[in-house]
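Asks: next comes the sequence, and after it the predicted model I'd like to discuss.
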Amino acid sequence: MNQNHTNDLISLELALEKLLSQTQIMTQTEIIPLTDSAQRVIAADLISPINVPPFDNSAMDGYGLNFAHWDGKTPMPVAGKSFAGSPMQGKITAGSCVRIMTGAPIPEGVDTVVMQESTKQTEQGIIFTESFKKGSNVRKAGEDISQGSPVFPAGTLLSTAQLPLIASLGISDITVYRRLKVAVFSTGDELQAVGQPLADGQIYDTNRFAVSLMLEKLNCEVLDFGVIPDSPEKLKQTFIEADSQADLVISSGGVSVGEADYTKQILDELGQIGFWKLAIKPGKPFAFGKLSSAWFCGLPGNPVSAALTFYQLVQPLIARLNGHSQWRAPIRFKVPTITPLKKSIGRLDFQRGVLSTNEQGQLQVATTGHQGSHIFSSFSQANCFIVLERERGHVAGGEMVEVEMFNYLLKSE
């Protein structure tokens, strides 16, 4: 592609900057049970109400003693037992030890635990067969988390890594940002709902289905407006209804330059367009703007283009609106390609690839094959994007290329 044909296209980086700088975190919050909070974003710093662990406890099955009472050779009689859930009562007597199990509270007077593999039982008491240090195998109260300390900042997405820890603090309800309401519809007379027979010239509407699946993974509330025919009046009415119900409106198709592409025209009437055409491939016709109430993203009609622009632009936008301040784009790194790659100069190119290791354990990447914007099967074969620079042309096998691994939105496993 000649550079002159891409001068009016904005870069992905600039598009992201415009998109994120113009949008704000939703401020509405709600208190929900912790058990229902997976994939929600906390709206206030989480402070620990207790110490974790709540008391000094043993890290091993063994014997507890006061280090100052051990002379290094004399057997120590067992003065009692301390088990998890059944602690020893009272203070240990001088010169004696206590049988203690993992997780059991440390009795008064005990400051050291010796694991049972380093002990020997005799009629006179316990002999310690290996040297040890004062304080060994004692987990102190608050060693993991101290009472009053911050646990997670506002903006943290709650998942398997966070929820069990919060539960260990005894917290049963949590303040989160409310779920983002996203209206979704596709445009075009050629589209037919999945499950319905195709008429001449029709294709199935896979974009709305794919977008809805990704929105559900992002824990959004999806408002499905279906397929809207190529009618300016019906499309305008749909925009008005969606704007009144949603925080974000996502359409698919109708943002190109065809005679029946009315989306841009209607957006000019109902709101403001922030940008329209991107210097990326696939996905050049992508619109972002603001309706009277809701934000708007117009995805291209081609399936791969729609999925790619959602992944690269709508995903960080939703993280921004949801208050997910710790969201980060997938890491990119360079590896050699083992297959040649076709590319025209002028746009940042996201090709679908398969990252693997060779017999020497070194990373390498290969193309999935034909990269047409209608070949959605490439996503099911791929595990990464091969990201080729805007000014780069064809790539020969063996050259280094940048790779971006799919995150959970696109992973097939």
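Replies: Right, received. Where do you want to start?
Asks: low-confidence regions, the stretch 251-400 of the chain specifically.
Replies: The model of the stretch 251-400 of the chain has pLDDT under 70 over residues 255-261, 372-375.
Asks: if you set the cut-off to 90 instead, what comes out?
Replies: The stretch 251-400 of the chain contains residues with pLDDT under 90 at 252-277, 283-285, 287, 301-303, 326, 328-330, 369-381.
Asks: could you pull out the strands for it?
Replies: In the stretch 251-400 of the chain, the strands defined using DSSP state E, counting those that start in this stretch lie at 272-277, 280-281, 285-290, 295-299, 332-336, 348-357, 363-367, 384-388, 400-405.
Asks: strand 295-299 and the first one, what's the angle between them?
Replies: This means strand 272-277. With axes from the mean of the first three to the mean of the last three Cα atoms, to 10 degrees applied, the angle from strand 272-277 to strand 295-299 works out at 20 degrees.
Asks: enumerate the positions of strand 272-277 that are buried.
Replies: Burial within strand 272-277, assessed by neighbour count using 16 or more other Cβ atoms under 10 Å, is assigned to 273-274, 276-277. (C-beta placed from N, C-alpha, C; glycine too.)
Asks: ok, which of the strands of the stretch 251-400 of the chain comes nearest Met26?
Replies: Across the strands of the stretch 251-400 of the chain, Met26 has its closest neighbour in strand 295-299 (10.7 Å, Cβ to Cβ).
Asks: direction included, what does the closest one pair up with?
Replies: strand 248-252 (parallel), strand 285-290 (antiparallel) (DSSP bridges).
Asks: now what about the last one, what contacts it?
Replies: With contacts defined as Cβ atoms under 8 Å, 6 or more residues apart in numbering, strand 285-290 is touched by 15, 18-19, 22, 255-257, 263-264, 267, 271-278, 295-300, 305, 309, 313.
Asks: in that strand, which residues are buried?
Replies: Counting neighbours by 16+ other Cβ under 10 Å, strand 285-290 gives 285-290 as buried.
Asks: which of those sits closest to Met76?
Replies: Nearest to Met76 among those, with distances taken as Cβ to Cβ, is Phe288, at 73.4 Å.
Asks: ok, now which ones touch the residue nearest to the closest one when sequence neighbours are not counted?
Replies: Take Phe288 and drop its neighbours on the chain: the residue closest to it by Cβ to Cβ, 6 or more residues apart in numbering is Gly274, 4.7 Å away. Contacts of Gly274 were listed using Cβ under 8 Å, 6+ apart, and they are 18-19, 22, 288-290.
Asks: distance to Glu143 added to the buried residues of strand 285-290, as TSV?
Replies: Formatted as TSV, these follow (distance: Cβ to Cβ, whole Å):
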residue	distance to Glu143
Pro285	56
Phe286	50
Ala287	53
Phe288	48
Gly289	52
Lys290	50
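Asks: what's the closest of those to Arg99?
Replies: Nearest to Arg99 among those is Phe288, at 67.3 Å by Cβ to Cβ.
Asks: would you mind measuring from that closest one to Val249?
Replies: 11 Å (Cβ to Cβ, to the nearest Å).
Asks: over to Ser377?
Replies: Distance from Ser377 to Val249, by Cβ to Cβ: 29 Å.
Asks: neighbour-wise, which of the two wins?
Replies: Comparing Ser377 with Val249 by neighbour count (other Cβ atoms under 10 Å), the higher total belongs to Val249, at 27 against 14.
Asks: my guess is His69 contacts Thr93. True?
Replies: No - between His69 and Thr93 there is no contact under Cβ atoms under 8 Å: 9.0 Å.
Asks: with neighbour numbers in mind, choose between those two.
Replies: Higher neighbour count among His69 and Thr93: His69, with 18 against 14, using other Cβ under 10 Å.
Asks: which one of the strands of the stretch 251-400 of the chain is the most hemmed in?
Replies: strand 295-299 (a mean of 26; mean count of other Cβ atoms under 10 Å).
Asks: dump that one to PDB, keeping only the CA atoms.
Replies: This file holds the C-alpha atoms of strand 295-299, laid out as PDB (Å, rounded to 0.1, in the frame of the first residue of the first chain):
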ATOM      1  CA  TRP A 295     -20.000   5.900  24.600                       C
ATOM      2  CA  PHE A 296     -19.900   4.300  21.200                       C
ATOM      3  CA  CYS A 297     -17.700   1.900  19.300                       C
ATOM      4  CA  GLY A 298     -18.400   0.900  15.700                       C
ATOM      5  CA  LEU A 299     -16.600  -2.300  14.700                       C
END
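Asks: going forward, count from 14.
Replies: Yep, numbering from 14; the last one is strand 308-312 now.
Asks: and it, how far from the chain's centre?
Replies: Its chain's C-alpha centre and that of strand 308-312 lie 22 Å apart, by Cα atoms, centre = their mean, to the nearest Å.
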